[in-house]
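Colleague: Here you go, sequence then predicted model.
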Amino acid sequence: MKRLPAHLAANIHAILAQYPTPFHIYDEVAIRETARTIGKAFSWVPNSQGRPGGYRNYFAVKALPNPHILALLKEEGMGADCSSLAELALAQRVGYRGSDIIFSSNNTPLEEYQMAQQMGALINLDDIAHISYIADNLEIPHRLSFRYNPGPLRKGNAIIGKPEEAKFGLTKAQLLEAYPQARARGATSFGLHTMIISNELNPRYFIETAEMLFNIAVEIWHTSAIKIGLINLGGGVGIPYRPNEEHISWPELSAGIRQMYNKIIGASPLHPLPVVSEYGRCITGSSGYLICRVRHVKESYKRYIGVDANMSDLMRPAMYGAYHHITPIDKEGQPATECYDITGSLCENNDKFAIDRHLPPLEAGDLLAIHDTGAHGHAMGFNYNGKLRHAELLLKPSGKVQQIRRPETLETYFSTLDF
């Protein structure tokens, strides 16, 4: 059974006395612990001189684009994986520069490449045609990476889709052509990247992905005499949204990748070769909670619990049919004798956080905690029906709470209208 962390549960009513529902709240202690666990697991990765220290996670800013979160992850040694102009600007304002940033985007406008170049970010190209696009309009950077899409050779999932149907990345033939093209245009240092799965908990999948990339790096060396200088394993590590699921085993995942590294890279001229990742969800996802309050209880063909949050606060259930555990804060442990749909107030029937969810009897005013909203929760928000996006709070190690994003108001919502 999922429960609120003790230090959050003990302070929740004091927090509610200061901050009205709904809001997202993130646990700083848990985020830092996760970051350190991952860093420790991959401490074996060699740098370009052959000493330990070649691993770094570039946090996927899209998962939780808040400067306070980025700043604390920067303190933990993480870089930033950016995919848009706004994410680049956010990373810049937090103090990320140069090798701190990997810019992975698709269908990219020129001004975004220009900003990434000005910041010294490693640009990870999604399209072979963008080599000439950059060269003809800007200049090819010395450091360049490419995103590989293996197509039908690998399987995806419901969130990211089948690789052969995904809009991301280069085919194998394009990849082998891209590196010599980029070298001829002036690039001298190269990375290799893929991202073909999302929210996966099986370590074997990521070990096989590492094996695939290591083999391709060796093939590129043999066919083009181009030495890949950085392998980016991508992201995609999931979190246990359901109570019966377990967190991924980082020691098992790391040991499997290390075995593949030693077997393939260690026996090649590419060693030593730094290996990095762009995990986002698994860093912050389990450390976030959407706290909301029951507004109405409706009885019609079904029984509905209407809460003061809505799909604009968390759209994963509506978008993917995703499961998020729900805890009735003051009725935790009571028998789950009732069956409800938990809904928001949008004029959309899929504005639901749960369907046919068994919970204790609920009534107006009851508090609910929706678990695992620390990634792709607030970040995916929108303003349909004029719904205002709500606050983000950070639970500090001291037990105090810091507001890290204020709630929108009608004034801020209408501020872009010229009328």
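Modeller: Right, received. Where do you want to start?

Colleague: low pLDDT regions in the protein?
Modeller: Screening the chain residue by residue with the criterion pLDDT under 70, one finds the ranges 153-161.

Colleague: Any buried residues in the longest helix along the chain, and which?
Modeller: In the chain, assigned by DSSP state H, the helix with the most residues is helix 203-224. Residues of helix 203-224 classed as buried under the neighbour-count rule (16 or more other C-beta atoms under 10 Å) are 203, 205-207, 209-214, 216-218, 220-221. Where you see a C-beta, it was placed from the backbone N, CA and C, and this is true even at glycine.

Colleague: elements contacting it?
Modeller: helix 172-185, strand 189-194, strand 228-232, helix 250-260 (3 or more C-beta pairs under 8 Å, 6 or more residues apart in numbering; DSSP states H and E).

Colleague: again, only this time at 6 Å
Modeller: helix 172-185, helix 250-260 (3 or more C-beta pairs under 6 Å, 6 or more residues apart in numbering; DSSP states H and E).

Colleague: need those helices in JSON lines with distance to residue 197, can you?
Modeller: Putting those into JSON lines (distance: least, C-beta to C-beta, whole Å) gives the following:
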{"stretch": "helix 172-185", "distance to residue 197": "18"}
{"stretch": "helix 250-260", "distance to residue 197": "13"}
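
Colleague: want to throw the ones you listed into TSV with mean neighbour count?
Modeller: TSV is the format used below for these (neighbours: other C-beta atoms under 10 Å):
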stretch	mean neighbour count
helix 172-185	17
helix 250-260	18
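
Colleague: of all those, which lies closest to residue 412?
Modeller: Smallest distance to residue 412 across the helices and strands packed on helix 203-224 (C-beta to C-beta): 40.2 Å, for helix 250-260.

Colleague: so how far is the closest one from its chain's centroid?
Modeller: For helix 250-260, the distance from its own C-alpha centre to the chain's C-alpha centre is 21 Å (C-alpha atoms, centre = their mean, to the nearest Å).

Colleague: Show me what the strand or helix carrying residue 394 is packed against.
Modeller: Using DSSP states H and E, residue 394 sits in strand 391-395. Strand 391-395 sits against strand 23-27, strand 401-405, with contacts defined as 3+ C-beta pairs under 6 Å, 6+ apart.

Colleague: what sits up against that strand?
Modeller: Contact with strand 391-395 is made by 8, 23-28, 68, 378, 401-407, as judged by C-beta atoms under 6 Å, 6 or more residues apart in numbering.

Colleague: Also stretch 258-275?
Modeller: Residues outside stretch 258-275 that contact it (C-beta under 6 Å, 6+ apart) are 44-47, 50, 54-55, 210-211, 214-215, 217-218, 230-231.

Colleague: Return the closest of those residues with respect to residue 102.
Modeller: Of all the contacts of stretch 258-275, residue 102 sits closest to residue 230, with 9.0 Å by C-beta to C-beta.

Colleague: Now do the same contact list for that closest one.
Modeller: Residue 230 sits next to 191, 274 when contact means C-beta under 6 Å, 6+ apart.

Colleague: What distance do you get for it to residue 246?
Modeller: Distance from residue 230 to residue 246, counting by C-beta to C-beta, to the nearest Å: 31 Å.

Colleague: Same question for residue 38.
Modeller: 16 Å.

Colleague: Between those two, which has more neighbouring residues?
Modeller: Remark: of residue 38 and residue 246, residue 38 carries more neighbours, 23 against 7, as counted by other C-beta atoms under 10 Å.

Colleague: going on from the host helix or strand of the more buried one, what's the next piece of helix or strand?
Modeller: For residue 38, the host element (DSSP H and E) is helix 28-41. Next helix or strand after helix 28-41 toward the C-terminus (DSSP H and E): strand 58-60.

Colleague: partner strands of that following strand, parallel or antiparallel?
Modeller: Using DSSP bridges, strand 58-60 pairs in its sheet with strand 79-82 (parallel).

Colleague: Count the neighbours of residue 318 for me.
Modeller: Close neighbours of residue 318, defined as other C-beta under 10 Å, add up to 18.

Colleague: Just the helices from the stretch 251-400 of the chain, written as ranges.
Modeller: Assigned by DSSP state H, counting those that start in this stretch, the helices in the stretch 251-400 of the chain fall at 281-284, 316-320.

Colleague: which one among the buried residues of helix 203-224 gets closest to residue 324?
Modeller: For the buried residues of helix 203-224, the nearest to residue 324 is residue 205 (22.7 Å; C-beta to C-beta).

Colleague: give me every residue that touches that closest one.
Modeller: Contact analysis of residue 205 by C-beta under 6 Å, 6+ apart lists residue 197.

Colleague: distance of it from residue 240?
Modeller: Counting by C-beta to C-beta, the gap from residue 205 to residue 240 is 16 Å.

Colleague: Then residue 416?
Modeller: Residue 416 is 39 Å from residue 240, by C-beta to C-beta.

Colleague: So which of these two has more stuff around it?
Modeller: A direct count of neighbours by other C-beta under 10 Å for residue 416 and residue 240 places residue 240 higher, at 17 against 6.

Colleague: For the more buried one, give its distance to residue 249.
Modeller: Distance of residue 240 to residue 249, computed by C-beta to C-beta: 12 Å.
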